[in-house]
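Peer 1: this is the structure alone, sequence omitted:
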């Protein structure tokens, strides 16, 4: 009897507990699922799950399990949050019907229970001030051919600072994309989440708000599926948009567009297997705050997403999406109408890959870096009123070409770097070109550096009103890059890059001091030193041809220095088995030195010097023994005379 009584008591207790669980009050369910914060507007935070969508789904199931009818209200939070109200399907808060400011509205809907029957839609409408709404639509049917999820919409039309957040239902089955989600707030914040498409595209999301708008496109897990597009627009605050992911085979990330008038923008394209999503922060007119855009990433053989950031009143930052092996990094563009701009092309690796391009147009300083790739480094292009710096991306694979770096500054300094190409650790057979470097400065200094290449160094061009410096890249197995430096009012310095067989040529032209240095050759046999040409319109000129390391079959570079207009000229031919020729033309002193003949039986370079006030003079060639190991041959110089006093 005792055992039976005990068992009977336990059964009664268990029955009582189950009744209690089924008979939970609405207030108990709210307290179990959410932490209610009495801010302005108030808010809910999930208690059991990391994301609000899952918690709302569990909350809805608790409501259904408790067999509570719609609507339900919880007023236990007193004046801080006058009411937490739940409605099934479509709900509203309106002062005419007794709703109070600073309340919370929760709207949920049922999941689908049949093939081709959509999940329930859910909507919320708020007319009170400083209220919050959370809206969850029902999921589609997950079995057989499935069905589409329900749409979630919300509109906050209160006179001051409310917020709304919508979660559309997930969809199942081919032909059933994730559901669309829309949220708006006239004077507050709005967040929208598109539904997931498990067998089709992700759902689009759109958020429009005065204070802050956030849109999240739904993910897609279908083969060839596209992540949901996200559009966020804010009239008076920040806007953030995140494209949905395309995570199925050959999937494509969703696009993201964030626009605003008086705030900051952030746009991030969704990641995808085949291609990353496009990201646009600021739109064609730009935002008044900063703009940040990040293209979505892509898998092997894919293309990273393009990113463009446009700020009308602050800084802009753009980063192209990276791509997996054998892919193409995404391009990036930053436009800053009143601030600084930075852009970074996306990277890729593996055979056939290329880096993304980076472009900047900025009212202040500009900085751009092309993405790296095996076959092609991305180019970098900068136009700015302040300082400008552009760095081409590197190319480290077979037959790679370094990216071009082009910097143009209207009122500051400009620096352009060509990207590196090739690696000497890889056996020959490919052709590697260092990227070209270009710099143009209207009222500052210009510096340009060609990228080093395993075979060919990149060319360099520097032009400006002040100091200019151009240096060609080194060519480890073939030729150094050429260099041109032009200055309208300062020093112009040009240095040809060194090469194994050919030195890069150097040309310097300007109104002040001009210096040209031909590139040297490093090979053990043959070689041609780079030529040097220095021309000064109102100053001195110095030119030195490149010398050769080889003691067999090499020829030093030619040097030409021209200061005929006003100044001194010095020209020195490069050293080699055949010394380089030297030519000097000057208004005052002219000094020409032929290159050294490096070994016995070699020939020194021819030298010619011309003074503006004298007829052409040329001395007989003189052979001079310097040592048993080296000869200075065929060396002729002439120093110009000082012109007579006026």
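Peer 2: Yes, it's here. Note that the structure is a prediction, hence the values are computed from the model and not measured. Residues are numbered from 1 along each chain as shown.

Peer 1: span of stretch 215-228 from start to end?
Peer 2: 10 Å (Cα to Cα, to the nearest Å).

Peer 1: next one: stretch 484-499
Peer 2: One end of stretch 484-499 to the other measures 17 Å (Cα to Cα).

Peer 1: distance between that stretch and the chain's centre?
Peer 2: Chain-centre distance of stretch 484-499: 31 Å, with Cα atoms, centre = their mean, to the nearest Å.

Peer 1: mean confidence for that stretch?
Peer 2: Stretch 484-499 carries an average pLDDT of 96.

Peer 1: what does stretch 350-369 give?
Peer 2: Taken as a whole, stretch 350-369 carries a mean pLDDT of 96.

Peer 1: got the buried residues for it?
Peer 2: Applying a neighbour-count criterion of 16 or more other Cβ atoms under 10 Å, one finds 350, 352-369 buried in stretch 350-369. Bear in mind the C-beta positions are built from the backbone N, C-alpha and C, glycine included.

Peer 1: check the separation of the first and last residues in that stretch.
Peer 2: OK, stretch 350-369 end separation, Cα to Cα: 20 Å.

Peer 1: residue 592 contacts residue 609, doesn't it?
Peer 2: Yes - here residue 592 reaches residue 609: they are 4.2 Å apart, a contact under Cβ atoms under 8 Å.

Peer 1: residue 64 belongs to a helix?
Peer 2: Yes - counting by DSSP: H, G, I helix; E, B strand; the rest coil, residue 64 is part of a helix.

Peer 1: can you map out the helices along this structure?
Peer 2: 2-22, 26-33, 52-65 (DSSP state H).

Peer 1: so how far is the second one off the chain centroid?
Peer 2: What that stands for is helix 26-33. 46 Å.

Peer 1: make residue 1 into 35 and carry on from there
Peer 2: Got it, first residue is 35 now, which makes that one helix 60-67.

Peer 1: which residues sit against it?
Peer 2: Outside helix 60-67, the residues within contact range by Cβ atoms under 8 Å, 6 or more residues apart in numbering are 58, 70, 80-82, 89, 92-93, 96-97, 100, 102, 106-108, 110, 118, 120.

Peer 1: could you list the low-pLDDT ranges of this protein?
Peer 2: 35-57, 432, 456-465, 634-636, 645-680 (pLDDT under 70).

Peer 1: go again using 50 as the cut-off
Peer 2: Applying pLDDT under 50 to the chain flags residues 35-56, 458-464, 647-680.

Peer 1: center of it - which residue?
Peer 2: The residue lying closest to the centre of the chain (Cα atoms, centre = their mean) is residue 353, at 2.1 Å.

Peer 1: residues near residue 532, how many?
Peer 2: Counted with other Cβ atoms under 10 Å, residues neighbouring residue 532 total 27.

Peer 1: list the contacts for it?
Peer 2: Neighbour list for residue 532: 491, 508-509, 514, 538, 553-556, 580 [criterion: Cβ under 8 Å, 6+ apart].

Peer 1: mind checking how far it is from residue 626?
Peer 2: 24 Å (Cβ to Cβ, to the nearest Å).

Peer 1: how about residue 77: what's its closest non-neighbour residue?
Peer 2: The spatial neighbour of residue 77 that comes closest, neighbours along the chain excluded (Cβ to Cβ, 6 or more residues apart in numbering), is residue 71 at 4.8 Å.

Peer 1: residues near the one you found, how many?
Peer 2: 15.

Peer 1: that one contacts residue 79, correct?
Peer 2: Yes - assessed by Cβ under 8 Å, residue 71 is found in contact with residue 79 at 6.7 Å.

Peer 1: ok, now which ones touch residue 215?
Peer 2: So residue 215 contacts 171, 185-187, 200-202, 226-229, 237-240, 252 (Cβ under 8 Å, 6+ apart).

Peer 1: nope, residue 119 is what I was after
Peer 2: Counting by Cβ under 8 Å, 6+ apart, residue 119 has contacts 105-108, 125, 127, 133, 137-140.

Peer 1: go with 10 Å
Peer 2: 60, 104-109, 125-127, 133, 137-141, 165, 167 (Cβ atoms under 10 Å, 6 or more residues apart in numbering).

Peer 1: test my guess that residue 152 contacts residue 211.
Peer 2: No - judged on Cβ atoms under 10 Å, residue 152 makes no contact with residue 211 at a distance of 11.7 Å.
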